[in-house]
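Student: generate coordinates for the sequence data below:
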Amino acid sequence: MKHRPPPSQQLSFASYEFAQKKRVTRREKFLAEMEQVVPWARLEALIEPKYPSGGRVGRQPIGVPRMLRMYFLQQWFGLADEALEDAIYDSQSMRQFVGIDLAREAVPDATTLLKFRRLLEEHGLTAKLFEGINAHLAERGLLLREGTMVDATIIAAPPSTKNKDKARDPEMHQAKKGNEWHFGMKAHIGADADSGLVHSLHTTAANESDVAHTHEVLHGQESMAFVDAGYTGVDKRAEIVQAQAEGRIRSDIEWSVAVRRSQIAKMAEGTVKTLTKALERVKAQIRARVEHPFHVVKNLFHYKKVRYKGLAKNEAQLYSLFGLANLVMAKKRLLDLAPQGIGAP
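Tutor: Numbers count the residues shown, from 1 in each chain. Reported below is the predicted structural model:
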């Protein structure tokens, strides 16, 4: 049965006026699509066992459906707790998505959202939400397991020491990329080679090498892995050899590693060089899909800088962001499946 937002008894005048307007905004369209593609019932069931029950004295806890919608709004639009509270008051489309009628109730305040986010972090629920979303996609044939693309991106952290502690975040570090230095953390991902959807996530400080954490983002069933030139020699890494010996990674996995441009430039002109260039173009076209999740998280969800101190809190948020990014990337296919009766439960 299709899951619906918390019901309202009767439309207020503002809600009726909003429903009668002629133009559908991009935000309204996006939220309507997300209402259809997010597997609400599955995700709410993951949170319910850890969520406070309503049998206590005093103010009763706000239901999981409403809090989960508020949390997702925060991730989609890159808003702080207080900013989200203000945005819901300002936006009828957001209030409609959450299921709030200001004629009858107030918007849950920023402190309530903060407590909900901390509950998700404390119980590792964002990782479970990520897994739940991927299970939903896999059931619809959108997440395959034959090949994996591996890549990493640096996410900046505040480098300033003009704060209460007079120091930078001790869990973040600086790293040089090209001719520029970056301070922050690194998100390593494994993405499905066919769809580009992210199936694995691992976070480190920015100064950790990409290749040293390849084994962290392989699910173990892939027969082929696609990586850029920065992963040269990955098949001989001690971590990979050990994972293969323990059966966590297939021993016959085929590594598609990009050849460094400097090596191609040194090759003599001729058939071999021409064929090598053509092969590298094909490999690059496959690997290009791994950039799409980074684009969604950084540019569409506005996550270009870390929001919190420490790796653990930021990793918890990244699980939510990449899970929601998967839904955005698979949105069209999920919507196409919905009329056949196999949409989001």
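Student: wait, doesn't Tyr71 sit right on Leu120?
Tutor: Yes - judged on Cβ atoms under 8 Å, Tyr71 makes contact with Leu120 at a distance of 7.4 Å. For the C-beta atoms, the positions are set from N, CA and C on the backbone; glycine is no exception.
Student: and for those two, which residues touch both?
Tutor: Ser320 (Cβ atoms under 8 Å, 6 or more residues apart in numbering).
Student: Trp40 and Ala288, how far apart?
Tutor: In this view, Trp40 and Ala288 are 32 Å apart by Cβ to Cβ, to the nearest Å.
Student: more neighbours: these two, which one.
Tutor: Trp40 (22 against 12; other Cβ atoms under 10 Å).
Student: gap between the more buried one and Leu129?
Tutor: For Trp40 relative to Leu129 (Cβ to Cβ), the value is 11 Å.
Student: go on, Phe30?
Tutor: From Phe30 across to Leu129, the span is 19 Å (Cβ to Cβ).
Student: what about these two, which has more around it?
Tutor: Leu129 (24 against 17).
Student: show me what contacts the more buried one?
Tutor: 43, 46-47, 120, 319-320, 323.
Student: from those residues, which ones fall inside strands?
Tutor: The members of those all map outside strands under DSSP state E.
Student: pipe those residues into CSV and attach distance to Lys166 per row.
Tutor: Below are the contacts of Leu129 laid out as CSV (distance: Cβ to Cβ, whole Å):
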residue, distance to Lys166
Leu43, 41
Leu46, 40
Ile47, 38
Leu120, 31
Tyr319, 31
Ser320, 31
Gly323, 36
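Student: out of the residues you listed, which is most surrounded?
Tutor: Gly323 (27 neighbours).
Student: report how many residues lie close to Leu197.
Tutor: For Leu197, the neighbour count with other Cβ under 10 Å is 24.
Student: I should have written His215 there, sorry.
Tutor: 22.
Student: how far away is it from Ile264?
Tutor: Taking Cβ to Cβ, one finds His215 at 28 Å from Ile264.
Student: again, but for Ala135
Tutor: From Ala135 to Ile264 the distance is 41 Å (Cβ to Cβ).
Student: ditto for Gly196
Tutor: The spacing between Gly196 and Ile264, counted by Cβ to Cβ, is 26 Å.
Student: quick one: which of those two has more around it?
Tutor: Gly196 (20 against 13).
Student: now do the contacts for the closest residue in space to Glu239 that isn't next to it in sequence.
Tutor: Nearest in space to Glu239, with sequence neighbours left out and distances taken as Cβ to Cβ, 6 or more residues apart in numbering, is His215 at 4.5 Å. For His215, the contacting residues are 237, 239-240, 243, 248-249, by Cβ under 8 Å, 6+ apart.
Student: fine by me, thanks again.
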